[in-house]
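# Need the 3D shape of this:
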Amino acid sequence: MAPRKPSGSVPDHGDWAVPYQPADIADLDPAAADRRGGIPKPPMPDAVYRVVETEGPIHRQVLLRHLGELLHKPRPSSISTSVNAAADQLRDEGRITEAGDFLDVTGRPCAEARWPLPGLTQRPVEHVAPAERQRALLGFVADRPRGLGAEEAVGEALAFFGWTARNTAARAKLMADLYRLRDTGALTGWPDKLETAG
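Take a look at the predicted model:
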């Protein structure tokens, strides 16, 4: 189970709200190490799968950046071809799925939304999967049934992901997510007294 939020950082919202946990690949193939620095060099498909398994749904650019950091590559672009080939191989094998630019473990529903831990690079709205943004919105509404309007739910989600109220791109995407949830019947009480359906 993911660690709970430290008090004072983000209000407690239950099991759907967790901190973003970065992946670790050091244990994947400890026998294969860079002799110059002792840095593990696991097979790329194993490394890609571990990051997707831990951090999914994950944007391909975030996957590339995180693998570059984990493999101590100063320029992630130097491994982009092998990372993308490994991700495509895993997708073709059915181990991971791709929705737009986001990768996740096949068959795993998005049950959590993740807030940024201090010291981690904050994800821009384009790097947070629509499913994760929608999970956060549904979580806020479920926490306060008929107590949130659309604008308030968007404001809660902005703060949760660490975005400012003036972030117009994030506000627009979150509002579009709310419309999708309304249109698919996941939310009722539009627009002033939202609640989750069934």
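
# So the residue nearest to Gly56 when sequence neighbours are not counted: helix, strand or coil?
Computed as CB to CB, 6 or more residues apart in numbering, the closest residue to Gly56 that is not its neighbour in sequence is Asp104, at 3.7 Å. All C-beta atoms are positioned from the backbone trio N, CA, C, and that covers glycine. Here Asp104 is recorded as strand under DSSP: H, G, I helix; E, B strand; the rest coil.

# ok, so what distance separates Asp104 from Leu158?
Using CB to CB, to the nearest Å, Asp104 is found at 24 Å from Leu158.

# Who are the contact partners of the residue nearest to Gly56?
Asp104 makes contact with Val52, Gly56, Pro57, Ile58, Ile96, Thr97, Cys110, Ala129 under the criterion CB atoms under 8 Å, 6 or more residues apart in numbering.

# Quick check: bridge partners of it?
Judged by DSSP bridges, the bridge partners of Asp104 are Thr97.

# Walking through this protein, point out its strands one by one.
Assigned by DSSP state E, the strands in the chain fall at 17-19, 58-59, 96-99, 102-105, 113-115, 187-188, 195-196.

# just the ones you listed: most buried one?
Of those, the one with the most neighbours on average (mean count of other CB atoms under 10 Å) is strand 58-59, at a mean of 24.

# Which elements pack onto it?
Strand 58-59 is packed against strand 102-105, with contacts defined by 3 or more CB pairs under 8 Å, 6 or more residues apart in numbering; DSSP states H and E.

# tell me the mean pLDDT over the strand it packs on?
For strand 102-105, the per-residue pLDDT values average out at 98.

# Could you measure from Thr188 over to Glu152?
16 Å.
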